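Peer 1: here's a sequence, model it:
(2 chains)
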Amino acid sequence: MRELNDLKVLPSTRIERLRLIFVFWLFSGGFIYIAGGLIVRQWLQSGDLKEQSDSQSRRIILKPPARGLIHDRNGYVLVENRVRWSVKADLSELQPEFQAEYRKLLAAEKARETGHIDREKIQDSARLNVLQRWLDKVWFVIDATSRNIRKNKLPVKSNPVDSPTERLVKIDDLKKHLRERRALPFTLVSDLAFPGADQSITPEEGVRAVARFVEQFPVDGPIRLDSDIIRTYPHGTLAAHVLGYVKDTDELPPNSLNDEKNELLQKLHYTGKKGAAGIEESYNEILCGLSGWELWTKTSAGYNKELLRKSDPTQGTAVTLSLDVEIQRAAEKALAQIKDSQGKVLPAAAVMLDVNTGEILALASQPTFNPNRLADRVTRTYFDEIETSGGWLNRSIQGLYPPGSTFKVITAIAGMRNKVIDWDDILECGPSYRVGGRDFPEHDPAGYGQVDLEKMLAVSCNVWNYQVGLGVGIEPLAAEARRFGLDTPLLQMPPTADNKNATELPFPANRGLVVPDTAYKLRIGAGPWTGGDTANTAIGQGFLLTTPLHMACVAASIARGETRTTPTIIHDPGRDGRHQSAEAIGLNGLQLAALRSGLNRCVEEGTARSVMIPGLAFAAKTGTSEYFQKGQKAHLAWIIGYASADNPAVAFCVLVEGQLDTSTWGGKTAGPVARDMILAWAKKTPVSEVKNEAEVPAR
Amino acid sequence: MDKNRQGAKASYVAFFVFVAIWIMSPSFVRMGTREAFVEFQAPALHLVAKGRDLARFWELKSKSAEELAAASRDLARINAALELKVRTLEDIRQENIRLRELARYAAPREFLTIVARVASRDSTSWWHRIVLRKGRSDGVRPGCPVVFSDRVIGKVSLVHLNTCEVDLVTSPNFRCTAYLEGDEQGRIVLVSGLPANSLGTARAKIAVIPMDYLPSAGQSPKVVTTGMGGVFPAGLIIGTLDANIRTTQEGNFKEGTLQPSRNLFSLQEVSVLVPIHPAAGEILLEKRYEDFQ
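Peer 2: As a prediction, this is how the structure comes out:
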């Protein structure tokens, strides 16, 4: 120690000792602080920090699933998915090219000596130039056949003036992509087989384009062929209002990810599809399936680096509709024949349903649209075209119309049930009937003379109905209409926790239905109820408003001898044929037989005789009601009924909105559509069920 | 310090200096070096292949007279069958010519055929490549289809002066469109090579098989070229579809495995189909695209 002291290793003075102690404690404190920090970070906070690190360096990419298929009752595919081949650019692999182009453009800008240099703009231009060059190469491979190479006629570089839009990279699309989905590949061509929104190329040309890209474009580059699934409607416009269409959405279906665990991770997603109308919309949750996901690490620049885990999307469940594709096609084909004097199709609707189960076999509405043209990107022109024509409206379930003379079956039932008239009573029916000082006309100026129930149904006598309607009174008449469900919402789905008012098809006209009575007229402020209102109601005019589907249900109910039919668009082979709130029709055997006989005579000798089918007896009631279109009176042509007459299996209703310049009559205008639907049904039904007296004529 | 250790240190330094120079050297220098190495290697490959042919020749020459007589007899039978087939084909050819003349339809000649011997095979299963003893000097160009009889072998990927490299159908760099035997609707499927493990079997995947495609029980349907892509003539056999077809999890398509039509690693001779006019893909591969703009 002495030696050490002699060497002056230890401090000798007090100041030096204090300094040493100070330095000792300073370093000790520092070490303790660092060690403590290390313990806190490594032991106590390690879980949180790892989570934070993961959330900053990882991301989840959600992938939309393929939607479920939609079939008709016989298993024919109505809606399916097709593969869409897209050409995409991997932006992370293109970084060196972007940088080289940027340097080139920057040098050129500096050489120009313009003063201020907008570097961001140059960067955008560099990216745009590089991507445009690659897109030109893609089209070069697709366009350059050996013939035009031989003739030295090669495609030239795309330019904004002459080139179709799919051949140009749009700066706005690129900026949006870089802002929102930088990590995902940038789409250069969204649908290689059908590049233009107008679908102007043939399927073979489309396949050839895909094949050329597959076989000729370099595999190991930044440009890749990607395939995904999009919706396709193989029958085009067929049943478009029932099927609906799909549109882009950022809200993807649920996935198998543990959301709590991955809450902090950045999530990106591809654009998905959701139902926008029809079954696609109302059954979206069933059709949509489960999204897939990929867990990626990411680079500091925000691009994907390494795929850690993934789960493939799961396709949605298939839905089987009650529609019969052949009957539906027959209905739509017949509707398309109904045109005005300028050759434009008239707005119309047709429904056919199974009498026993209530399953809808055909549900057509005209004008219509092609869901294929709405499935990807709808053009403004096509959207406006549908808007102008009124094609969005599904007239079968959304159109509200006065039912006209088809309502007379309900007036007749009300008369018999209220004992105002019996099946064999005869009423004197002149050319008009005076109610409250006003003459209510017969549609035949000569009148029909002595008319019983059967004749009334055959010739659609108005005066008979004025008398019976006034005898019954509006309240019992309205009650009878309600008993047949004319104010009842249709196509209701069993309520779920999420949606208590779900319907099988979106927005049926359930709220606008009107079965008028005295309270109704007062409620809308139209004054007190009058006898004239009752007379109008008795022939299906006035305030009455219903849909073609409701009237088809009335026909089905009468065919079964009941009051209610619960229609459905979903096929269930085990359906038992029981209908909600249905009760017996409340007529005795003679009354019911007379009612049905009257409907048969309507076809055999009455207002529907022009559409009689030799060898296939069916029952019908026509109607021609009035409505106001753009302030002017026009006609609605109706026909309801069932087939066959002796063994009812299908019920139908057809409605045509007449134009101002056309004469529109129930039997003449709407009848042929009903006839074609019946023939389509009869063609595929065993002869014993049709109960033919002769062969069903081939069409 | 020990002299040996000093020497080891120097060799490490030399190695790292060489690597640094290689990394820093311009790409044309590296490409030139690589090309020079390939050309330097080419005579050796030729020599090895010739030697193999010679060995085969002597192997055959050592056969006994009885064996040769039996082989000769078998060959005679095969020749007779083939002669019959040739005569039938000749009739069809004549008929074809007659019909073309009648319709005044001039048949364009799309390909020149170059027969090439296989010089070597890449034994690593990552690359799935073979080297042919024909190159640029023989008219071979990149992107040309390579076939054996009516079977697809692969596609030329790199062309050197006297040799060329072929990506086999099992190579990850190979892809083409195809039809499946028995699919009457003629829908295209996608064939692409798969990277295999070092000791694994070379495989290719067939994707986008329609859901309603059902091959006949117990049969392996042929996978044939579509001819729509502008590279392979239509109707060439790529291989057969393995029986184990599975549905993708998305449930929209099926996918399966391709069994190549030949044992790709025992090929001796193939034909390179050189298109008379270059395809667009070839122009891209040769980086001559800008010339056409």
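Peer 1: residue 223: neighbour count?
Peer 2: Just going to use chain A. Per other C-beta atoms under 10 Å in any protein chain shown, the neighbour tally for A:Ile223 reads 22. From N, CA and C alone the C-beta is placed, and that goes for glycine too.
Peer 1: ah, no, chain B please
Peer 2: Other residues near B:Val223 come to 27 when the count uses other C-beta under 10 Å.
Peer 1: surely it is in a helix?
Peer 2: No. Judged by DSSP: H, G, I helix; E, B strand; the rest coil, B:Val223 forms no part of a helix; its state is strand.
Peer 1: contacts only, for it.
Peer 2: Taking C-beta atoms under 8 Å, 6 or more residues apart in numbering or on different chains, we find B:Val223 in contact with B:178-181, B:189, B:191, B:206, B:237-241, B:258.
Peer 1: ditto for A:Thr237
Peer 2: If a contact means C-beta under 8 Å, 6+ apart, then A:Thr237 has A:Glu332, A:Thr368, A:Phe369, A:Asn370, A:Pro371 as its contacts.
Peer 1: need phi/psi at the third one.
Peer 2: Torsion angles at A:Phe369 (phi, psi; degrees, to the nearest 10) stand at phi -150, psi 170.
Peer 1: residues in contact with it?
Peer 2: Contacts of A:Phe369 (C-beta under 8 Å, 6+ apart): A:Thr237, A:Ala240, A:Tyr245, A:Tyr382, A:Ile386, A:Gly391, A:Trp392.
Peer 1: got the buried residues for the helix or strand encompassing the fourth one?
Peer 2: Just to be clear, that refers to A:Tyr382. Assigned by DSSP states H and E, A:Tyr382 falls within helix A:380-389. Neighbour-count burial for helix A:380-389 flags A:Ile386, A:Ser389 (criterion: 16 or more other C-beta atoms under 10 Å in any protein chain shown).
Peer 1: tell me what that helix is packed against?
Peer 2: With contacts taken as 3 or more C-beta pairs under 8 Å, 6 or more residues apart in numbering or on different chains; DSSP states H and E, helix A:380-389 sits against no other helix or strand.
Peer 1: how about residues contacting whichever helix or strand comes after that helix?
Peer 2: The helix or strand immediately downstream of helix A:380-389 is helix A:395-398, counting by DSSP H and E. Contacts to helix A:395-398, defined as C-beta under 8 Å, 6+ apart, come from residues A:241, A:347-351, A:363-366, A:490-491, A:505, A:507-509, A:547-549, A:655, A:657.
Peer 1: quick check: which helices or strands does the host helix or strand of A:Gly47 pack against?
Peer 2: Under the criterion of DSSP H and E, A:Gly47 resides in helix A:46-57. Contact partners of helix A:46-57 among helices and strands, from 3+ C-beta pairs under 8 Å, 6+ apart: none.
Peer 1: is the helix or strand that it is followed by positioned near chain B?
Peer 2: Once the chain leaves helix A:46-57, the next helix or strand it forms, by DSSP H and E, is strand A:58-63. No. Strand A:58-63 lies out of reach of chain B by C-beta under 8 Å from any C-beta of the partner chain, never closer than 9.2 Å.
Peer 1: direction included, what does the following helix or strand past strand A:58-63 pair against?
Peer 2: Later in the chain than strand A:58-63, the nearest helix or strand by DSSP H and E is strand A:70-71. Here strand A:70-71 has these sheet partners by DSSP bridges: strand A:77-89 (antiparallel), strand A:319-320 (parallel).
Peer 1: which residues does the shortest one contact?
Peer 2: With C-beta under 8 Å, 6+ apart as the contact definition, strand A:319-320 has outside contacts at A:68-73, A:75, A:279, A:283, A:286-287, A:570-571.
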